[in-house]
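K.L.:
coordinates for the following, if possible.
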Amino acid sequence: MSPRKRLGVVIVNYGTPALVIDCLCSLQGEIVPGQDAVVVVDNGSADGSPEFIEARIREAGWGSWARLVRSPHNNGFSAGTNMGLQEVEAEAYLLLNSDTTVKPGAIDHLLASLRARPDAGIVSPRLEAPDGSPAVNCFRKPTPIGELIKGAQTGLITRMLRRFDVPLPPADERFECDWTGFAAVLIRADVFREVGYLDEGYFMYFEDIDFCRRAAQAGWRTLHWPTARVMHLHGKSGSVVERTEARKRRPRYYYESRSRYFAKFYGRTGLWFANLLWWAGALIALAQEVIGHRKGHICKREYLDIWTHCLRSPARPARPQPIKAKGD
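P.N.:
Purely as a prediction, here's the structure:
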């Protein structure tokens, strides 16, 4: 893989080898060998993933544009992604979850967005479910006030505080947003050079919000480009979505990432305020469950977990340092 590719694609795997192969299959007709490179980072899987993926790359003849690198430990999504980014020098990088498949023409549309909008540093494709329905993939930034909406999930409160409601509805038109999910996202190399890599203090979750906010502070826009389409098997690359839907206890790293985000951008006081507002909303939801027989949404032990990991979170995590381009 020669330096300075047109596009570097990074896929992080942890125990999902079959999904990775599906993702690579979808890239086969979209990648230009010699101009593009795909790096699969195995994050310390113990299920034979590396051997399986390497064998399939050889058998399929993808070696001219795809390869696997191994991390000895699972240090999280940010660390795995950063490892992949350092493996290839490119003008732009496409980050893909292992549970995504790229639809025909998506990469060309995404690259066209960078030419059309020089101020866009981060571009989100339209994410779709297997049936073609659009998924929510663009958002307002989470704020302490927004935690009241999240805790309550009550129509009246959501309407009253609409400008703090985080999800933005899917749209067929291009628009700017505060941040987009990193299940599938195109990022200019210049953004990484200016603001640094993903913050490895986030094991998983909230690293995408953090990165988009740092990019915005540096003057870069985050743009939704719906003509580029990517299918996403939501939640198949990790357990948090499934556990949330079942109201099971979320893993510790989710709450540590949440605390890190609020402490980093709003300070220790802002983190505690966010927790208090979430609690207020959750109590409203609980009252509606009891009185109105409404189905609950609070995960097991969430009332305690947001505080337990809040106490362990640093107030002001260090910001990743900017990356110098080769030759600087």
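K.L.:
okay, now the sheet partners of the helix or strand harbouring I11, with direction.
P.N.:
Using DSSP states H and E, I11 maps to strand 5-13. Strand 5-13 has its sheet partners listed here by DSSP bridges as strand 36-43 (parallel), strand 90-97 (parallel).
K.L.:
how far is that strand from where the chain is centred?
P.N.:
The chain centroid and the centroid of strand 5-13 are separated by 15 Å under CA atoms, centre = their mean, to the nearest Å.
K.L.:
quick check: buried residues in that strand?
P.N.:
The neighbour-count check on strand 5-13 (16 or more other CB atoms under 10 Å) flags K5, L7, G8, V9, V10, I11, V12, N13 as buried. Glycine gets a C-beta too; all of them are placed from N, C-alpha and C.
K.L.:
following the chain onward from it, which element is next?
P.N.:
Using DSSP H and E, the helix or strand that directly follows strand 5-13 along the chain is helix 17-27.
K.L.:
report all helices and strands that that next one contacts.
P.N.:
Judged by 3 or more CB pairs under 8 Å, 6 or more residues apart in numbering; DSSP states H and E, helix 17-27 is in contact with strand 5-13, strand 36-43, helix 49-60, strand 100-102.
K.L.:
where exactly do the helices run in the stretch 51-200 of the chain?
P.N.:
Listed in chain order, the helices of the stretch 51-200 of the chain (DSSP state H, counting those that start in this stretch) span residues 77-85, 106-116, 144-152, 155-160, 189-195.
K.L.:
deepest in the core, which of those helices is it.
P.N.:
Ranked by mean neighbour count, these are led by helix 77-85 with a mean of 24 (mean count of other CB atoms under 10 Å).
K.L.:
with just CA atoms, put that helix into PDB.
P.N.:
C-alpha atoms of helix 77-85 as PDB (Å, rounded to 0.1, in the frame of the first residue of the first chain):
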ATOM      1  CA  PHE A  77     -13.400   1.600  19.500                       C
ATOM      2  CA  SER A  78     -11.400   4.800  19.600                       C
ATOM      3  CA  ALA A  79      -8.100   3.000  20.100                       C
ATOM      4  CA  GLY A  80      -8.800   0.500  17.400                       C
ATOM      5  CA  THR A  81      -9.900   3.200  14.900                       C
ATOM      6  CA  ASN A  82      -6.800   5.200  15.700                       C
ATOM      7  CA  MET A  83      -4.600   2.200  15.000                       C
ATOM      8  CA  GLY A  84      -6.200   1.800  11.600                       C
ATOM      9  CA  LEU A  85      -5.800   5.400  10.800                       C
END
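K.L.:
list the contacts of that helix.
P.N.:
8, 10-12, 14, 39-41, 43, 69, 71, 74, 93, 95, 182, 192, 197-204, 207 (CB atoms under 8 Å, 6 or more residues apart in numbering).
K.L.:
about what we covered before: so which of the helices of the stretch 51-200 of the chain gets nearest S133?
P.N.:
Proximity to S133 (CB to CB) singles out helix 106-116 among the helices of the stretch 51-200 of the chain, at 16.9 Å.
K.L.:
quick one on the thing from earlier: F175: which of the buried residues of strand 5-13 is nearest?
P.N.:
Closest approach between the buried residues of strand 5-13 and F175, by CB to CB: L7, at 23.7 Å.
K.L.:
let's have the helices of the stretch 51-200 of the chain in JSON lines, adding distance to L286 and mean pLDDT.
P.N.:
Putting those into JSON lines (distance: least, CB to CB, whole Å; pLDDT from 0 to 100) gives the following:
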{"stretch": "helix 77-85", "distance to L286": "32", "mean pLDDT": "96"}
{"stretch": "helix 106-116", "distance to L286": "43", "mean pLDDT": "97"}
{"stretch": "helix 144-152", "distance to L286": "10", "mean pLDDT": "96"}
{"stretch": "helix 155-160", "distance to L286": "14", "mean pLDDT": "93"}
{"stretch": "helix 189-195", "distance to L286": "40", "mean pLDDT": "97"}
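K.L.:
adding distance to E176, write those out as a markdown table.
P.N.:
Formatted as a markdown table, the helices of the stretch 51-200 of the chain follow (distance: least, CB to CB, whole Å):
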| stretch | distance to E176 |
| --- | --- |
| helix 77-85 | 23 |
| helix 106-116 | 12 |
| helix 144-152 | 19 |
| helix 155-160 | 22 |
| helix 189-195 | 15 |
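K.L.:
would you mind giving the domain segments of this structure?
P.N.:
Annotated domains of the chain cover 5-135+170-238, 241-311 [automatic domain parsing].
K.L.:
looking at those, which is buried most?
P.N.:
domain 5-135+170-238 (a mean of 19).
K.L.:
okay but A263 is in contact with W272, surely?
P.N.:
No. Using CB atoms under 8 Å, A263 makes no contact with W272, being 9.3 Å away.
K.L.:
what segments of the stretch 201-328 of the chain are helices?
P.N.:
Using DSSP H, counting those that start in this stretch, helices in the stretch 201-328 of the chain cover 207-217, 240-245, 252-292, 302-311.
K.L.:
which of those helices sits closest to V20?
P.N.:
helix 240-245 (18.4 Å).
K.L.:
other SSEs contacting that closest one?
P.N.:
Contact partners of helix 240-245 among helices and strands, from 3+ CB pairs under 8 Å, 6+ apart: none.
K.L.:
so G29 sits against P104, correct?
P.N.:
Yes. Counting by CB under 8 Å, P104 is a contact partner of G29 at 6.8 Å.
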